[in-house]
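*Asks:* next comes the sequence, and after it the predicted model I'd like to discuss.
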Amino acid sequence: MKCGRCGREISADDGYQHLSETLCEDCYIDVRYPAKACDPWAVYSATQSRKSQELKGTEGLTDLQKAIYGFIRGKGKVTREELQQKFGMKETELQIQLATLRHCELVKGHKEGNSVYLVSFGYGE
């Protein structure tokens, strides 16, 4: 059988039911527990954890998170679509990476007119 979202082959024992759809474990987790950029408790936890470990800037991030952050800082402001194209990511994967950067207070959303851009903290100051 195939996952109803990503199409990956899964055995009947490895499938999860969600809204009459059979999903692989990864897709089930994405649907049931999506990463949320606006989560005050996650921001508090991440910033306190980084503070206790004396991590600054991009220390402690994955190479991909560092690259995304560097791209945003280098361009000043970017759209989600630009990031998806640059890094070849699906929206769900990008959401996870951006949530981490947001929780570490490195990246935030910035609205200009009808567009929302991703910028580094301190943008426009």
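*Replies:* Now that the structure is in, tell me what you want to look at.
*Asks:* contact partners for residue 45?
*Replies:* For residue 45, the contacting residues are residue 103, taking CB atoms under 8 Å, 6 or more residues apart in numbering as the criterion. For glycine as for every other residue, the C-beta is placed from the backbone atoms N, C-alpha and C.
*Asks:* what pLDDT does the model give it?
*Replies:* Predicted confidence (pLDDT) at residue 45: the value is 77.
*Asks:* helix, strand or coil for it?
*Replies:* Following DSSP: H, G, I helix; E, B strand; the rest coil, residue 45 is assigned to helix.
*Asks:* ok, now how distant is it from residue 103?
*Replies:* 7 Å (CB to CB, to the nearest Å).
*Asks:* next one: residue 86
*Replies:* With CB to CB as the criterion, residue 86 and residue 103 are 22 Å apart.
*Asks:* and these two? Which one has more around it.
*Replies:* Regarding residue 86 and residue 103, a neighbour count based on other CB atoms under 10 Å identifies residue 103 as having more, with 24 against 13.
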